[in-house]
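Student: Predicted structure and sequence below. I'll ask about it afterward.
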Amino acid sequence: MLSDLAVTALRFGFLILLWILIISIVSAMRRDLMIGQKTKTGAPSARQVRKNPELAAQQPSPPKVHARRLAVVEGPLAGTTLDLAASPILLGRAQEATLVLEDDYASGRHARLFPQGSRWFIEDLGSTNGTYLGDTQLTRALPVEPGVPIRIGKTVIELRP
Amino acid sequence: MSELQTAPKSRRLTELLLLVLALAVGVGANMLVGLDQDRAFDQDFFVQGLTLVGLVLAVHIVLRLRAKYADPIILPIVTALNGIGLAMIHRLDIATGDTAAARQLMWTGLAIGAMVAVIWLLRDHRVLRRFTYISLIISAVLLMLPLLPGIGMELNGARIWINLGFATFQPGEIAKITLAIFFAGYLSTNRDLILLAGKKVGPLQLPRWRDLGPMVVAWLVSIGVLIFQRDLGSSILFFGLFMAMIYVATSRISWILIGLLMIAFGGFVAFQLFPHVTARIDSWINAFDPEVYNRIGGSHQIVQGLFGLASGGLTGTGLGQGRPDIVTFANSDMIIAALGEELGLIGLSAIVLLYVLLVTRGVRAALGTRDSFGKLLATGLSFTLALQCFVVIGGVTRLIPLTGLTTPFLAAGGSSLLANWLIIGLLLLISDAARRPAPSGPAGTGHPPRPERGAKRQGAENRTQRTTEVKQP
């Protein structure tokens, strides 16, 4: 039988241990966030630019060219053009796609073009053969500049101003 | 849906350090439980402590081998919660002479084994997207099982168990995972259709009638569970899950409004028609009425839980020194009241905070992962955990009517433990995909393109009719 004092000490000790666990978890999370900040990609925030003026120079704003049309350059549908509205476009072989690709190497729901801000983004929808923007295969949504070829199977499309 | 990036760094060492702390919490709690009765270091303590340590370290090694970049915080949190739960169940066993802790330990082993199998065999959560409609069928079957005569059984007024001969099981617990997979698969495919179509009324964009279909199905499932199984908690859980996922997928307030209207309507009708719902709400509002308190199935349980929480006060009576065994179902439905009594407000808020941190890690995995299916699945699964905690803890503290959901990882109950560990397995996999450095390199180094399955056939069929293939919605 332990003394009452020891039992009380252990009782409070356990509560302290519980909170030590939480504090360590939160500090591990904090480190996680800091690492994320250092390697963060994308445009620096206004505040970061104010602090480090050289950041602004590194990021020339992209020329404001608004894409208005989508053109099929190569593949079975070559020559087709499509006017862009402000709505996303589904590319693929499926009948409900906005641009139905008659391409044996394209998936039913292959990729998605969507506007965000003043730019268009392309996102692969889990296709079998992948979507390429320029030479790189898409692993996440990327912005598309007019004139850069997007390859889906044997079809190549690009945005035109 | 946005993306967050972290440095590609495997943080398994952090996880190991946090695990040591979490195991200290779990094993320490178990030690304190028996201290007062001179049975601190009996056989039960060593069996439970060593099994927990062994199992968790095994998971850690599996993560090192198979999911190197998985989130380092999820496993320690779950370990601590599971350890505290085991200790509390063991403590109540000492008071009542039950053997629930041994069963809970066995189920913990099974659940962790199943989770390791998921991590080892599945590897990539995107595989699950192929099973979108299969998981809908599995969900329906799982939800029907308890209604079948023979294997279905009714316990404490709810018909949600099946009898497996050696044990009873709640298939609804697994159904929440399969439903989350279905919703994630369905919504990630049809998001654009749901987003774009529909009329605009004022600031709200209303969905089309046929896009409302799945919402109505989810609502009918919830109502069906409520009517046939008399399980208020699960019906709230399923509907909440779908509402959260469709809101995350479309970011349209109109869905939330439609969902809330449906809940209000369904809740009102249920309140009017079903005596068990009326009784639940009555013993919530009039809990301290002597007549309601003394009624069979009345507010006795919830009021005893509140008395327990009150006697715990700020620092609690200390593990093993209160009387949480007075409350009925102290080791399952009311385990929060038992923990609140013995650990006090300080301990209970630590436990709630552990849940909050767990849910934030799940949402973090959703933000980090690159595919929309994974994003939706991780959000849905973490939301399930959050909603379960809210419904249970809110019920015990009389914020909302008490319903029969289990507290994840803490409460005694094999099916719930199994389902929640599986959820953790999926979240770990998704977080691994989120934090793994993206493969980069020039095109052409990968596999040569393969023709799609069925491409020829479909192409030949359609070649004649596709002259003008360009449509605008």
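Tutor: Structure received.

Student: what separates the residue nearest the centre of chain A from residue B:124, distance-wise?
Tutor: Note on chain A: the residue nearest the mean C-alpha position is residue A:141, at 3.9 Å, using CA atoms, centre = their mean. Relative to residue B:124, residue A:141 is positioned 19 Å away (CB to CB, to the nearest Å). C-beta coordinates here come from the backbone N, C-alpha and C atoms, glycine included.

Student: again with residue B:161
Tutor: Using CB to CB, residue B:161 is found at 34 Å from residue B:124.

Student: So chain A: which segments form each domain?
Tutor: Following the TED database, one gets these domains for chain A: A:1-35, A:69-160.

Student: Those: which one's closest to residue B:387?
Tutor: domain A:1-35 (21.9 Å; CB to CB).

Student: Give me the buried positions along the closest one.
Tutor: Within domain A:1-35, the residues scored as buried using 16 or more other CB atoms under 10 Å in any protein chain shown are A:7, A:10-11, A:14-15, A:17-18, A:21-22, A:24-25, A:28-29, A:32, A:35.

Student: For residue B:333, which three-state class applies?
Tutor: Under DSSP: H, G, I helix; E, B strand; the rest coil, residue B:333 falls in the coil class.

Student: didn't it look like it was pressed against residue B:413?
Tutor: No. Residue B:333 is not in contact with residue B:413 according to CB atoms under 8 Å; the separation is 9.4 Å.

Student: So which helix or strand of the chain has the lowest pLDDT on average?
Tutor: No chain in the question, so chain A it is. helix A:54-58 (a mean of 56; mean pLDDT, DSSP states H and E).

Student: mind listing what residue B:122 touches?
Tutor: Neighbour list for residue B:122: B:128, B:429 [criterion: CB atoms under 8 Å, 6 or more residues apart in numbering or on different chains].

Student: which one of the domains of chain A is the most hemmed in?
Tutor: Per residue and on average, the most neighbours among the domains of chain A fall to domain A:69-160, with a mean of 18 (mean count of other CB atoms under 10 Å in any protein chain shown).

Student: remind me which residues of chain A are low pLDDT?
Tutor: Residues of chain A that meet the criterion pLDDT under 70 lie in A:1-2, A:33-65.

Student: Okay, strands next: where are they in the chain?
Tutor: Using chain A here. In chain A, the segments counted as strands under DSSP state E are A:69-74, A:81-83, A:89-92, A:99-100, A:111-116, A:119-124, A:131-133, A:136-137, A:142-144, A:150-152, A:155-160.

Student: actually it's chain B I care about, not the one you picked
Tutor: B:152-155, B:158-163, B:168-169, B:200-201, B:204-205.

Student: most tightly surrounded among these?
Tutor: Scoring the strands of chain B by mean neighbour count under mean count of other CB under 10 Å gives strand B:158-163 as the most buried, with a mean of 20.

Student: strands paired with that one, and their directions?
Tutor: Strand B:158-163 has the following sheet partners, assigned by DSSP bridges: strand B:152-155 (antiparallel), strand B:168-169 (antiparallel).

Student: Turn the ones you listed into a markdown table, including mean pLDDT and distance to residue B:320.
Tutor: What follows is the strands paired with strand B:158-163, written out as a markdown table (pLDDT from 0 to 100; distance: least, CB to CB, whole Å):
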| stretch | mean pLDDT | distance to residue B:320 |
| --- | --- | --- |
| strand B:152-155 | 76 | 29 |
| strand B:168-169 | 82 | 29 |
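
Student: Of these, which is nearest residue B:430?
Tutor: strand B:168-169 (26.1 Å).

Student: any idea how far the closest one is from the chain center?
Tutor: 18 Å (CA atoms, centre = their mean, to the nearest Å).

Student: quick one: contacts of it?
Tutor: Contacts for strand B:168-169 (CB under 8 Å, 6+ apart): B:153, B:155, B:161, B:162, B:414, B:415.

Student: Just the closest of these to residue B:80, please.
Tutor: residue B:414 (20.0 Å).

Student: In the stretch 201-350 of chain B, which residue sits closest to chain A?
Tutor: Distance from chain A to each residue of the stretch 201-350 of chain B (CB to the nearest CB) is smallest for residue B:318, at 3.8 Å.

Student: Can you tell me the closest non-neighbouring residue to that residue?
Tutor: Excluding its sequence neighbours, the residue lying closest to residue B:318 (CB to CB, 6 or more residues apart in numbering or on different chains) is residue A:11, at 3.8 Å.

Student: For the one you found, give me its contacts.
Tutor: B:32, B:315, B:316, B:318, B:319, B:321.

Student: Same question for residue B:16.
Tutor: residue B:60.

Student: quick check, distance from the lengthiest helix in chain A to the centre of its chain.
Tutor: Secondary structure of chain A per DSSP state H: the longest helix is helix A:4-38. Taking CA atoms, centre = their mean, the mean C-alpha location of helix A:4-38 is offset from the chain mean by 35 Å.

Student: got it, and stretch B:68-85?
Tutor: With CA atoms, centre = their mean as the basis, stretch B:68-85 stands 15 Å off its chain's centre.

Student: Mind listing what's buried along it?
Tutor: Buried residues in stretch B:68-85, counted by 16+ other CB under 10 Å: B:69-85.

Student: restrict the residues you listed to contacts with chain A.
Tutor: Near chain A, taking CB under 8 Å from any CB of the partner chain as the test, the members of the buried residues of stretch B:68-85 found are B:72, B:73, B:76, B:77, B:80.

Student: The closest residue to residue A:118 other than its chain neighbours: neighbour count?
Tutor: Leaving aside its sequence neighbours, residue A:118 sits nearest to residue A:66 (CB to CB, 6+ apart; 6.5 Å). Applying other CB atoms under 10 Å in any protein chain shown, we find 12 other residues in the vicinity of residue A:66.
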